[in-house]
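**Student:** Predicted model and sequence follow; I will ask about them next.
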Amino acid sequence: MNLDYLEIAKFTGKDKANFSYLEKEAVYPNAERYSFQGCKKIEIWNYPESNQIKIKGSLPYWINGHNYYSGPHDWKEGLEYLQGCLGLNLYSGLIECFEFGTIQEIPVSPASFLQHHIKISGMLSKEFRKGNVLTGKEYHSPILKLKLYDISRNIKNKLEKPLQEEISRLFGWDRAKHYIKIESHYKRPEAHFRGNVYLAELLSSEFQKQLQNELLQQYQSIMKTGTAIIPEKKADINSGTLPLLILKELEEIYQFRTEELLKAKLKEIPERILSPADRKARLRTIRENLKKISISGKSEFDISELLQSKIQNENSETKNSTPFLWEEKGEDILSQAH
């Protein structure tokens, strides 16, 4: 689990940023836009009148050319190089937005996996497709977005072959297997965390643990189908039970009762088409088919346990690692802010 895209606002005060390593790309009435070329570009915006610069981009892409994984060493190396070139202390910069996520191998195709992740209460849902293939889903609120998508499709279509081979060698990615990317997009961190978040804080091990747990909780809040237990007898899987399997899975998500829903529909059919005796017969058949269906407490497409295991493994590795610059210096970083 790791950070990806972020935007940092830095008030320079009396300090002057060094733009000699950057390429100026555009000039606006109150701002200048520069780019800093690495494996990929990041943007540096200069606002001379307010003594402020903003950094926008993905450090993993800038450093490594991909965002499959980037550890603390990557961030330390990238940030020290960046702030050395700019001549500014970036660790005291204010975080305006950021992304945190992970890539998880899954036992089914991404399209099937995504199909069974329906919605989050109180959030808007959006699907992404390539032709008829479901490739991603997003769940939105004013301050947060949770995104799930087929990461292997991105790797195969967007990255050059040598970089794909490097990801396979370093991180074990297998193009024949299935993977999903789960990302939390914090659109307004100050609202979500009820206070400003600074770069030094964002990169601390404690904050990273908080983000891990939040990612898991946000994933668990997705209402999922795939909870129906498939009948073992072939005769119990018929044209009558198949639609009922789907309806029973959707009951909890959309707050209805299948039997009551179908009973109401039967009542809407005119008696000239279905007599009262016909309705009773059909309702009796529906009830018989419903008895063949049972629901488990958990979706077979729920990967919460895999994510929990990943968090435990990563935290175990963190305990044995050496603290990095932002943890070694702690308050000194923020005390140097201008």
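**Tutor:** Perfect, thanks for sending it. Residues are numbered from 1 along each chain as shown.

**Student:** At which residues are the helices of the chain located?
**Tutor:** 59-64, 72-86, 110-115, 151-158, 161-171, 189-192, 199-202, 205-220, 241-254, 258-268, 276-290, 304-319, 325-329, 331-335 (DSSP state H).

**Student:** Mind checking the ones you listed for the one nearest to Gly101?
**Tutor:** Evaluated with C-beta to C-beta, those place helix 205-220 nearest to Gly101, the distance being 6.9 Å. (Each C-beta comes from the backbone N, C-alpha and C, glycine too.)

**Student:** elements contacting the closest one?
**Tutor:** Contact partners of helix 205-220 among helices and strands, from 3 or more C-beta pairs under 8 Å, 6 or more residues apart in numbering; DSSP states H and E: strand 94-106, strand 144-150, strand 178-186, helix 304-319.

**Student:** got CSV for these, with mean neighbour count and distance to Ser20 too?
**Tutor:** As requested, the helices and strands packed on helix 205-220 are exported to CSV (neighbours: other C-beta atoms under 10 Å; distance: least, C-beta to C-beta, whole Å):
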stretch, mean neighbour count, distance to Ser20
strand 94-106, 19, 25
strand 144-150, 21, 36
strand 178-186, 21, 33
helix 304-319, 13, 37
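
**Student:** re earlier: now distance to Glu43 and mean pLDDT too, for the helices of the chain, in TSV please.
**Tutor:** As requested, the helices of the chain are arranged in TSV below (distance: least, C-beta to C-beta, whole Å; pLDDT from 0 to 100):
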stretch	distance to Glu43	mean pLDDT
helix 59-64	10	92
helix 72-86	12	91
helix 110-115	30	96
helix 151-158	19	94
helix 161-171	22	95
helix 189-192	19	97
helix 199-202	16	96
helix 205-220	24	96
helix 241-254	40	88
helix 258-268	52	92
helix 276-290	57	92
helix 304-319	30	87
helix 325-329	23	45
helix 331-335	24	39
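
**Student:** what's the closest of those to Leu22?
**Tutor:** Using C-beta to C-beta, the nearest of those to Leu22 is helix 72-86, at 7.9 Å.
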